[in-house]
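**Q** Build me a model:
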Amino acid sequence: MRSVPAWFPAYTPAQKKEALRRAVQLTEQESAVFLCLATGASNAELADGLRLPVSTVKFHVHDIRTKLGGISRLQACVLAALAREDGRLAGRGLSAGGAAAARR
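**A** Numbers count the residues shown, from 1 in each chain. Have a look, this model is predicted:
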């Protein structure tokens, strides 16, 4: 059984978002991949949509999951959906349709 970060079950949804804003800094490409994770697309689909090599998407997904405390891909997808719904990317202030995501 995998453990989740200590903040995951302890906070309300608003508190989780605030904790992520303070703790996580994603690069522009990681931000684009993160926001696209909300769709539930595979690495190959993400790579096609973002016009990146699949290996680059895999690298970014791994780094995103690590920066978020080693969470699962499904948990990252849920957080990405919350970030898109909120209209900002945690810690970056980017909109879901920002420059990083415009390559799609």
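
**Q** CA only for contacts and neighbour counts going forward, please
**A** OK.

**Q** So, low pLDDT: which residues of this protein?
**A** 1-23, 87-104 (pLDDT under 70).

**Q** need the helices for it, in chain order.
**A** Using DSSP state H, the helices found in the chain span residues 7-10, 13-23, 28-37, 43-50, 54-67, 73-86.

**Q** Out of the ones you listed, which is the most enclosed?
**A** helix 28-37 (a mean of 23; mean count of other Cα atoms under 10 Å).

**Q** what angle separates it from helix 73-86?
**A** Here helix 28-37 runs at an angle of 90 degrees relative to helix 73-86 (axes from the mean of the first three to the mean of the last three Cα atoms, to 10 degrees).

**Q** Helix 28-37 - contacts with which helices or strands?
**A** helix 43-50, helix 54-67, helix 73-86 (3 or more Cα pairs under 8 Å, 6 or more residues apart in numbering; DSSP states H and E).

**Q** Put the alpha carbons of it into CSV.
**A** The C-alpha coordinates for helix 28-37 follow below in CSV (Å, rounded to 0.1, in the frame of the first residue of the first chain):
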residue,chain,number,x,y,z
GLU,A,28,6.6,26.4,-17.9
GLN,A,29,6.6,23.0,-19.7
GLU,A,30,5.8,21.2,-16.5
SER,A,31,2.9,23.6,-16.0
ALA,A,32,1.6,22.8,-19.5
VAL,A,33,1.9,19.1,-18.9
PHE,A,34,0.3,19.4,-15.5
LEU,A,35,-2.7,21.2,-16.7
CYS,A,36,-3.2,18.7,-19.5
LEU,A,37,-3.1,15.8,-17.1
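
**Q** From what I see, Ala81 and Phe34 are in contact.
**A** No. Look at Ala81 against Phe34 with Cα atoms under 8 Å: they stay out of range, at 9.2 Å.
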